[in-house]
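**Q** kindly return the folded structure for what I paste below:
(3 chains)
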Amino acid sequence: MQRISLAHGEGGELTHQLIQDLFIQSFGHSEQTKLDSAILAIPSQTIAVTTDSYVIKPIFFPGGNIGKLAITGTVNDLAVSGAIPHVITAGFMIEEGFPIKSLKEIVHTMASEAERAGVNIVAGDTKVVEKGSVDGLFINTTGIGVIQEQHRLKPEMVQEGDSVIISGTIGDHGVAILSARQELGLLTDVRSDCASLNHLIHELLEEIEGIRIMRDPTRGGLATTLVELCEDCHFTMEIDEASIPVRRDVQGGCDILGYDPLYLANEGKVVIIVDSNDRQKALDILKNHELGKDAGVIGQITSCHVQSGKLLLKTAVGTTRRLNRLSGQLLPRIC
Amino acid sequence: MANMDLFSDPVLTRESVEAVIDLAKRFKEEKGRIPVFMEVCGSHTMALAKTGIKARLKDYVQLIAGPGCPVCVTDQKSIDAMVQLSEEPNTILCTFGDMMRVPGSKSTLMKAKTEGKDIRVVYSPLDSVHIAEENPDKEVIFLGIGFETTIPILALTVREAARKDLNNYSIWMATKLVEPVLRALLSSEEVKLDGFLLPGHVSVVLGKQSYRYLADEYTISGVITGFEPVELLSGIYKLLVLQLEKRVKIINDYTYVVRDKGNVVAQTLLEEYLEAHDEVWRGMGTISNSGLVLKEQYAQFDAKKKFNILVGEPRVTKCRCGEIVRGLITPEECVLFNKSCTPTHPIGPCMVSTEGTCAAHFQFMREV
Amino acid sequence: MCLGVPAKVIEMEEQRALVDVMGSRMYVGIFFVPEVRIDDYVLLHAGQAITVVDEEYAKESIEEWRNVLDGKHGSFFRSGLNS
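**A** Have a look, this model is predicted:
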């Protein structure tokens, strides 16, 4: 099997070949390669910029691979900020010995996911490091999106009674990865939900004026994301435990290992806070879309302009309890 | 299982809450105070808090968390020894996830792992035997914490290691038994209780008949209880009925998994491999014969005999976990709670373990 | 104290069984439940089945509790508390 060697990163012939044969062929940005930077015309006064590094074990998992994640993650970060993803850059840190076949598969996945999302990969970088310096492959992507004035999010408009909507089931990515790691013996058919949400979000922003703010509940899960939202925007939110969509097999996997789906990562979900008058319209749009078919209203904003915003969970017996952000790493437990 | 879903059915749960409150009001009318029950098991503490039942009942029934969280009752010196064990050269330390963040005087297993020590979290103790097989040139040690539910699995692990003739495998036994600690609690008379919610899964191993001493010697009732909301409420309800009828009794309210005699296969295995031993409990000192260790003929699998771990006296903190596990104080009465001691920076084990009283309180009981 | 999860046995081997919890699966030890059969529910703890669930009793528990809630205390107070 052909593998990446340190020479692939030394800037010589092998580097040239790798870039020409793989990256440029897949990402198709030969026009931009004449200069050391990509030169772009941006069709807006206001842009959004985001960067993220992707490290995941295993690199290939049910529902995707690190490359798909590197595109969808950055696309979604732009989209939930109300931006239309425009271009992406990609930096690769590759461990010496990494199979070239795997690298090709990952790069091809990135190209097709970028195409699906409608973004161009305009600049890239490759470094090869000694065995043991990174775990296989790390990817960094930076995304630039354009903001149209009418799509600008209005977190300051959040008011009591606003609805909280989630676009689908939670914890799918977390359980898929746990199972794919094969460390704890969990077997499941759950696939990662990783997907680019920008088209779905664009439709929502086009159709609905009352969208206040959005977030994608990735690391730390739905609970951590909502806690941060409550703290950042100084409101208190109450969510109803029974209305949060969770696949049965995700719940089953969590039960076995002692995990809580509220704290498991998602890579293809968005939380939307919307004027309650627009709630049904938003739900209709979501449910009409493959990526939003399991969407549901999970709660509402109960008070605004508070000193320290809180996330409350309504329990089956009608009491509420406060949810906190994930503390430390998730570990399987017997107690 | 369709029937099982009913145990967490929201409508049935709310109805059950009302039934318990009705009965608790009758108790208060008759006795002029609210009833005090102890849930022995940490998973009950967690479930009562998580489902909101404890908060809902707080004006009607006082529920005190008992000493049934294996992480929380492990004393400081023993935790220090486990952390130090991870520093032994050429070893792989295997543990349940529960122990990783427990603070020793100087460090935690999590920190030791970050520093490069080979520490592995396993779901099943048997996995640690496979790790020993795959690493014949390393010493593999399993941190054997747990109550009677878990201890038979530790014995099974030793049986497996012996069957495979492994000489690089051992268990650091730090197990705890329910009966000795309940006797110690009842004898100290520090806490006044009207009954026990008895631990459902420990009872799977021990059986209903193992609790006779509670009724016979201490004239206190106990209900063996499951973990779903309706089951918890049914357990509390039955304790209330016994109180109102002035009867003392052990009731098995978790009949679909708990038998009178318990799990005989597990009990036989315990007898074959293990023997009673005095154990030190956090905040309670040494309780005679309150833990199980490997018998002499299995000494080669006993990490405490294989490794010479000496730890000094632990650092003294203001942590009051010792009193919390005895049900003497609530987390708020500890000066550290929610100030310097939080789940992110725990000082005592009750804040670390998900089922620890302080962690459950922090996660589920604050600011409703 | 100890997490326990009901799981359905879907495949049996000599020393282990494949169990299903709402669609997620795991191989678990069956040393402590020699009587276990395919389609039984077992209670899982730390990778072992520690007992076989008696579905009849689960049904009875629910029915008994339903009666209590419906005010049929007669059978429950005094005579009923014998389980």
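
**Q** C-alpha only now, for contacts and for neighbours.
**A** Noted.

**Q** show me what from chain A comes close to chain C.
**A** Taking C-alpha under 8 Å from any C-alpha of the partner chain as the contact definition, chain A meets chain C at A:185-189, A:248-253, A:255-256, A:258, A:334-335.

**Q** considering only the residues you listed, which also neighbour chain B?
**A** Okay, of the residues of chain A next to chain C touching chain B (C-alpha under 8 Å from any C-alpha), that's A:Ile334, A:Cys335.

**Q** out of the residues of chain A next to chain C, what pair is the most spread apart?
**A** Spatial extent of the residues of chain A next to chain C (C-alpha to C-alpha) is set by the pair A:Asp189 and A:Cys335 at 26.1 Å.

**Q** between those two, who's got more neighbours?
**A** Using other C-alpha atoms under 10 Å in any protein chain shown as the criterion, A:Asp189 and A:Cys335 rank with A:Cys335 on top: 28 against 14.

**Q** so the more buried one, which state does it fall into?
**A** Recorded secondary structure, A:Cys335: coil (DSSP: H, G, I helix; E, B strand; the rest coil).

**Q** touching, it and B:Met99? I think so.
**A** No. The pair A:Cys335 / B:Met99 is not scored as a contact, 10.3 Å apart, by C-alpha atoms under 8 Å.

**Q** where do the contact lists of the two overlap?
**A** Both A:Cys335 and B:Met99 are contacted by B:Ser353, under the criterion C-alpha atoms under 8 Å, 6 or more residues apart in numbering or on different chains.

**Q** quick one: the strands in the stretch 51-200 of chain B?
**A** B:62-68, B:91-95, B:119-121, B:139-146, B:169-175, B:195-199 (DSSP state E, counting those that start in this stretch).

**Q** what about the fourth one, near chain A?
**A** No. Remark: strand B:139-146 sits outside contact range of chain A, by C-alpha under 8 Å from any C-alpha, the gap being at least 8.8 Å.

**Q** pull up the pairing partners for that strand, direction included.
**A** When pairs are called by DSSP bridges, strand B:139-146 turns out to pair with strand B:91-95 (parallel), strand B:169-175 (parallel).

**Q** pull it out as PDB, backbone CA atoms only.
**A** Output of strand B:139-146 as PDB, limited to C-alpha atoms (Å, rounded to 0.1, in the frame of the first residue of the first chain):
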ATOM      1  CA  GLU B 139       1.700  -5.700  34.800                       C
ATOM      2  CA  VAL B 140      -2.100  -5.100  34.400                       C
ATOM      3  CA  ILE B 141      -4.000  -3.900  37.500                       C
ATOM      4  CA  PHE B 142      -7.700  -3.400  37.800                       C
ATOM      5  CA  LEU B 143      -9.100  -1.000  40.400                       C
ATOM      6  CA  GLY B 144     -11.800  -3.200  42.100                       C
ATOM      7  CA  ILE B 145     -14.300  -0.800  43.600                       C
ATOM      8  CA  GLY B 146     -17.900  -1.700  44.100                       C
END
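
**Q** so which bits of it are buried?
**A** With burial defined by 16 or more other C-alpha atoms under 10 Å in any protein chain shown, the residues of strand B:139-146 counted as buried are B:Glu139, B:Val140, B:Ile141, B:Phe142, B:Leu143, B:Gly144, B:Ile145, B:Gly146.

**Q** can you give me the helices for the stretch 201-335 of chain A?
**A** A:221-233, A:248-257, A:279-287 (DSSP state H, counting those that start in this stretch).

**Q** JSON lines for these, including mean neighbour count and mean pLDDT?
**A** Below are the helices of the stretch 201-335 of chain A laid out as JSON lines (neighbours: other C-alpha atoms under 10 Å in any protein chain shown; pLDDT from 0 to 100):
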{"stretch": "helix A:221-233", "mean neighbour count": "21", "mean pLDDT": "97"}
{"stretch": "helix A:248-257", "mean neighbour count": "23", "mean pLDDT": "95"}
{"stretch": "helix A:279-287", "mean neighbour count": "19", "mean pLDDT": "98"}
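
**Q** what's the closest of the ones you listed to A:Ser112?
**A** Of all the helices of the stretch 201-335 of chain A, helix A:279-287 comes closest under C-alpha to C-alpha, at 23.5 Å.

**Q** need the residues that contact that closest one.
**A** A:163, A:165, A:167, A:200, A:203-204, A:208, A:292-297.

**Q** what packs against the longest strand anywhere in chain C?
**A** The strand that spans the most residues within chain C, counting by DSSP state E, is strand C:5-12. Using 3 or more C-alpha pairs under 8 Å, 6 or more residues apart in numbering or on different chains; DSSP states H and E as the contact test, the elements touching strand C:5-12 are strand C:16-21, strand C:41-45.

**Q** how about the longest one, does it get close to chain A?
**A** This points to strand C:16-21. Yes. Strand C:16-21 lies within reach of chain A by C-alpha under 8 Å from any C-alpha, at C:Val21.

**Q** what residues sit buried inside that strand?
**A** By neighbour count, and taking 16+ other C-alpha under 10 Å as the criterion, the buried residues in strand C:16-21 are C:Ala17, C:Leu18, C:Val19, C:Asp20, C:Val21.

**Q** as a markdown table, the contacts of helix A:279-287 with pLDDT, distance to chain B and neighbour count would be great.
**A** Formatted as a markdown table, the contacts of helix A:279-287 follow (pLDDT from 0 to 100; distance: C-alpha to the nearest C-alpha, whole Å; neighbours: other C-alpha atoms under 10 Å in any protein chain shown):
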| residue | pLDDT | distance to chain B | neighbour count |
| --- | --- | --- | --- |
| A:Ser163 | 98 | 20 | 27 |
| A:Ile165 | 98 | 22 | 24 |
| A:Ser167 | 98 | 24 | 26 |
| A:Leu200 | 98 | 34 | 19 |
| A:Glu203 | 97 | 36 | 14 |
| A:Leu204 | 97 | 33 | 21 |
| A:Ile208 | 96 | 33 | 17 |
| A:Gly292 | 98 | 27 | 22 |
| A:Lys293 | 97 | 25 | 16 |
| A:Asp294 | 98 | 22 | 18 |
| A:Ala295 | 98 | 22 | 25 |
| A:Gly296 | 98 | 19 | 23 |
| A:Val297 | 98 | 18 | 23 |
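
**Q** ok, then the element right after the longest strand along chain B?
**A** Using DSSP E, we find that the single longest strand of chain B is strand B:285-294. For strand B:285-294, the following helix or strand on the C-terminal side (DSSP states H and E) is helix B:303-306.

**Q** name the residues that touch that next one?
**A** The contact list for helix B:303-306 (C-alpha under 8 Å, 6+ apart) reads B:Ile141, B:Ser170, B:Ile171, B:Trp172, B:Met173, B:Ala299, B:Gln300.

**Q** circling back to that earlier point, need the max-distance pair from the contacts of helix A:279-287.
**A** Most distant of the contacts of helix A:279-287, by C-alpha to C-alpha, are A:Ile208 and A:Asp294, 19.3 Å apart.

**Q** count the neighbours of the closest residue to A:Gly145 other than its chain neighbours for me.
**A** Counting by C-alpha to C-alpha, 6 or more residues apart in numbering or on different chains, the nearest residue to A:Gly145 once its immediate chain neighbours are dropped is A:Pro85, at 4.1 Å. The tally of other residues near A:Pro85 (other C-alpha under 10 Å) stands at 27.

**Q** one more: B:Thr342?
**A** 19.

**Q** what ranges of the chain fall below the confidence cut-off?
**A** Reading this off chain A. Scanning chain A for pLDDT under 70 picks out A:1, A:29-34.

**Q** that's the wrong chain, I wanted chain C
**A** Scanning chain C with the threshold set as pLDDT under 70 gives C:1, C:72-83.

**Q** contacting residues around the residue positioned nearest the centre of it?
**A** For chain C, the residue nearest the mean C-alpha position is C:Val53 (2.6 Å; C-alpha atoms, centre = their mean). C:Val53 sits next to B:Tyr256, B:Val257, C:Pro6, C:Asp40, C:Tyr41, C:Val42, C:Leu43 when contact means C-alpha under 8 Å, 6+ apart.
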